[in-house]
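Undergrad: Fold the stuff below for me.
(chains A and B)
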Amino acid sequence: MTELGNVAGFPILSLITFLPAAGALFIVFFLKKEWAGGIRWTALAVSVVEFVISLYLPFTFDASTPAFQWVEKAPWFERYGIHYLLGADGISLLLVLLTTFITIICILASWTDVKAKVKGYMALLLLVETGSLGVFLSLDLFLFYVFWEAVLIPMVFIIGIWGGNRRIYASVKFFIFTFVGSLFMLLGIMALYFYHGHMTGVYTFDATVLFENPLPPAIQYWIFIAFFLGFAVKVPMFPVHTWLPDAHTEAPTAGSIVLAAVLLKLGTYGFVRFSLPLLPNASMAFMPFIMGISLFAIVYGAFVTIAQKDMKKLVAYSSVSHMGFVMIGMFALNAEGLKGSILQMINHGISTGALFLMVGMIYERAHTRMIGDYGGLFKTLPVYGTFFLIVILSSMGLPVTNGFIGELFVILGVFKTNPLYVIPVVVGVLLGAVYLLRLFQRVFLGEFVYHGHEPLKDLGWRETVSALSLVVLIFWIGIRPGPVLRVMDASIDHLVKQVDTNSKKAALSGQELVAASDQGKLNVSAPGPAVPSTADGGAAGSVAGLEQSSGRGK
Amino acid sequence: MTLNDLNINLASVLPQLLVTGLGLLVLVLDLFLDKKSKAALGYVSIAGLLVILPIAFVTVSPEASFGKMVMADPFSAFFNVVFIIAALFSVLISMDYLKKVNVQRGEYYCIMLFATVGMMIMASAADLINLYVGLELMALSFYVLVAYRVDERRSVEGALKYFVLGALSSGVLLYGISYVYGFSGSTNLAQIARYAVNGAGGNPFLSLGIALIAIGFCFKIAAFPFHMWAPDAYEGAPTPVTAFLSVGSKAAAFAAFLRVFITAFSGVRPQWSGLIWTLSAATMVFGSVVAISQKNIVRMLAYSSIAHAGIIMIGLLTYDTAGASSVMYYLLVYAFMNMGAFTVVALFIRDGGAGESISDYKGLAARRPGIAFLMSLFLLALAGIPPTGGFTAKFFILASAIDAHYYWLAVIGVLATAISLFFYLKVIFYMYMKEPDDYQQPLPEADFTYNVALLAAAAGTLILGIYPAPFVDMAMEAIKPFFNFLAF
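TA: Coordinates of the predicted model:
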């Protein structure tokens, strides 16, 4: 049941995807770089309009069907079956809203934080938004890859130009890790495309078609590994997480927020959207492995976090631990786990984004991020302290905050799969409380300590608005998670069913494919004459072929 | 053989004739111009090439002409267009460059046009002898062009290396051709194909001939381990010549590679696929790894060009319309993105070596934002990042490799691409994230010719990335007859 839902008359998704890019172009071409104020207001206006337009989606969303909605489809490169294909279901809808919302926060957060080269900065921030939205909305794997890479370049520049002292090292590391991973994902996409083509005769990158015809399990494993390399780096999963603390620490505040809130979700979204339904047997086979490294990441990430002295590094490492929750919930492969996982994606976006925002606020005042440079700030900065406390509690998963609901679902899902796995998860939750509360206690309670450069001022109206809006979301999801859950219900149930049916279908189709590939390979284009095939490929294959045929000649 | 059998069809070689005529015209005009106004010859060449471009596009005749020596098919038309585009860019950036390094002699443009004729003859050759003549015409022209800055030691050194190794490679190629002739009794590709069928696979003389011909071509595309001349020749040559050498000469050699190996040696493919596999893998890895340590931007681009040659070779191997057409498409894209990068390099190189080092690009974004942006675009395209043409080109090559079950080669290609990121990114990072060593140092201004070249290259790079369909279709249509031809 993955057929396309209501095909939109008006290309609302294209509008949402490309509006920020249009705004970026406008800033680049029509605003002089001296007009820093005008550029800021333009960027803010674009992001607010963008958010308002994206609010059209939840109001017209049909939550009763798992089908993709507002679908737009146009041929892009027909010979290879590449389409311009956009569509949203409950899962992508939530992430789209998160992205459009967080971008506003990012622009507000960089209002006074970024003083140099404002023009380039705002343009790049808006381009990141377009790229991320494109990733969440593409249903064609080729298009998906194009957007996937399109996010990378502006983000690298944001870190590399506006970052801290070690910004170049951090941005190179970020770039190399992600790009290498995604190149393997590209190979996986191609392999998927060709195997699907050989199997069905239909060569297409259209994911909705690919969903219908899962590949035989033996092939799925290889493609899963390729996809895994691409997605796991972005999530980031242990042991390819090492770019994350560097990138987060060096990035400007808004860069850290968008990195944590949106970019990490690209990886988990990739798993949910493509790995699970396209490669169900492989997902099941790799389930213990992924759950294992996620559990390790939860506990290991938490321990490393406890040891951090730098606030931003602390939040960054806590991300490793928190993303472990997302992954383990997802690979529980049941409805509860997946719901928890998606909800945790949103929650992590809100809470960790808010934490980075908070750290950025104090850094802007004091120009130091060392926890030891602060103490007993609560009396001086009551508003800031209150917001900080709420955000920390939500990140810990205290009841009535968003984090609680997400973690609850994740734990339920994991329990259904294997009750033993719950132990490290709970340990992770407890350790989370340890490092977060310790952070709060050391910075805000006790003797007043302050080794900053400028006098402390409490939050201004701009900061209050951005912090308040995040806090409202924290409580809204925490107290009334119903609407959010309802949006994804149908999609998740369908996904679980899809994984189940596809895995059975794939196991059956395994035999057929072996027969098909024996008949020789099919050409993408008009079939030429039968080609001597080196079916096994590779050096060994070719060289062996050479020897064989020269032997025959004699 | 009567005169009719020869099928003398001047229309089939019209583009070659026109470019030759243009070269001669430039040569004669040179006599009437004083030293200051030699750039006018560049404008004449450009105007002429712009007129010939559409003619080259439509010059197609289904029959082989001149005693089956020349095949003016869509394939050669496609490559003629690539050569003319490359020549246009090179001439465009030569005019200011030659003024800058103070070597203004008129024969420069005419030799460049003759090199173009040589490439065109190679692409349309249906006979090994004709192919050889085209290759020599191209090579001899380049020997002169590389040595054009005679008072520059590196230029002469590079030219000498290029000449000695080039002459050697021509000898190797000719040696290979003679073995193939000995095997099949003909130098005509169709005739050779008739003999080089499956049963002939074991003939050691044919194998030797194929290997030697492959080596001869590998010299021209600068594939490892036959690349030794490339970095020195690239560094020593005037930058526009380097650009032309890396794009045009490579494309011509690949055109010959495709035509000879697909039409003549298709029947004995297992003979050479192992060889090409190894050369391709070694070239990709070698080029990307060695490029990392380069400090001179031209040498860096030279090694990058070696790495690209390795990746393009994958398309030779897959042996289907998808693979062969992606080779053609790649070369078309490469013409734009590499020419773009070299245009920027040519702009910033000053007499006396300033502007050649990668560290001279520090902080360029602050001083020349537009050019820094375009350079980043070209470098990202060379690295293969969407939505540029470099990505689609690489995508089609890797896709064809996977389709043909060359998984490991595709993985090596991906790893080489990943390695290549280091040195492409380095330049971008220098431009955007470092402060210039010396703000006072004057930077050359981009004049009209550079701006035209830069914008045209950027437009080509982006259009080929976003809307590749018509161009790939064109390449597919052009290559298809090669595979039908096998059917008889």
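Undergrad: Below-threshold pLDDT in the stretch 101-250 of chain B: ranges please.
TA: Along the stretch 101-250 of chain B, the parts satisfying pLDDT under 70 run over B:198-201.
Undergrad: and the residue in it positioned nearest to chain A, how many residues sit next to it?
TA: Closest approach between the stretch 101-250 of chain B and chain A, counting by CB to the nearest CB: B:G202, at 1.7 Å. The C-beta positions use only the backbone N, C-alpha and C, and glycine is treated the same way. Neighbour count for B:G202, taken as other CB atoms under 10 Å in any protein chain shown: 15.
Undergrad: ok, residue 83 - contacts?
TA: No chain specified, so I'll use chain A. A:73-76, A:140, A:143, A:204-206 (CB atoms under 8 Å, 6 or more residues apart in numbering or on different chains).
Undergrad: nope, chain B
TA: B:F83 neighbours (CB under 8 Å, 6+ apart): B:116, B:119-120, B:123, B:248, B:251-252.
Undergrad: So for it, what's the pLDDT?
TA: At B:F83, the predicted lDDT confidence score is 94.
Undergrad: mind checking how far it is from B:A252?
TA: Distance of B:F83 to B:A252, computed by CB to CB, to the nearest Å: 7 Å.
Undergrad: per-residue confidence for the closest residue to chain B within the stretch 1-150 of chain A?
TA: Nearest residue of the stretch 1-150 of chain A to chain B (CB to the nearest CB) works out as A:V146 at 4.2 Å. With respect to pLDDT, A:V146 has a value of 92.
Undergrad: For it, which non-adjacent residue is spatially closest?
TA: B:P386 (4.2 Å; CB to CB, 6 or more residues apart in numbering or on different chains).
Undergrad: Give me the phi and psi angles of that neighbour.
TA: For B:P386, the backbone dihedrals (degrees, to the nearest 10) come out as phi -70, psi 160.
Undergrad: now do B:P468
TA: Per degrees, to the nearest 10, the backbone of B:P468 is at phi -80, psi -10.
Undergrad: Assign B:R154 to one of the three secondary structure states.
TA: helix (DSSP: H, G, I helix; E, B strand; the rest coil).
Undergrad: which residues does the closest residue in space to it that isn't next to it in sequence contact?
TA: Take B:R154 and drop its neighbours on the chain: the residue closest to it by CB to CB, 6+ apart is B:G236, 4.1 Å away. Residues in contact with B:G236 (CB under 8 Å, 6+ apart) are B:146-147, B:149, B:152, B:154-159.
Undergrad: right, and A:L44 touches A:C106 too?
TA: No: using CB atoms under 8 Å, A:L44 makes no contact with A:C106, being 10.3 Å away.
Undergrad: neighbour count winner among these two?
TA: More neighbours surround A:C106 than the other of A:L44 and A:C106, with 31 against 16 (other CB under 10 Å).
Undergrad: Can you get me a residue count around the closest residue to that one other than its chain neighbours?
TA: Spatially, and ignoring its direct neighbours in sequence, A:C106 is nearest to A:A254 (3.9 Å; CB to CB, 6+ apart). Residues contacting A:A254 under the criterion other CB under 10 Å number 29.
Undergrad: Kindly report the same for the one 5 residues further on.
TA: When neighbours are defined as other CB under 10 Å, A:L259 has 25 of them.
Undergrad: what does the one 10 residues further on give?
TA: The burial metric for A:Y269, expressed as a neighbour count using other CB under 10 Å, is 23.
Undergrad: And the helix or strand that contains it, what's buried?
TA: For A:Y269, the host element (DSSP states H and E) is helix A:264-270. Buried residues in helix A:264-270, counted by 16 or more other CB atoms under 10 Å in any protein chain shown: A:264-270.
Undergrad: Check which helices and strands the next helix or strand after that helix sits against.
TA: Note on helix A:264-270: by DSSP H and E, the next helix or strand toward the C-terminus is helix A:276-278. Applying 3 or more CB pairs under 8 Å, 6 or more residues apart in numbering or on different chains; DSSP states H and E, we find helix A:276-278 packed against helix A:482-518.
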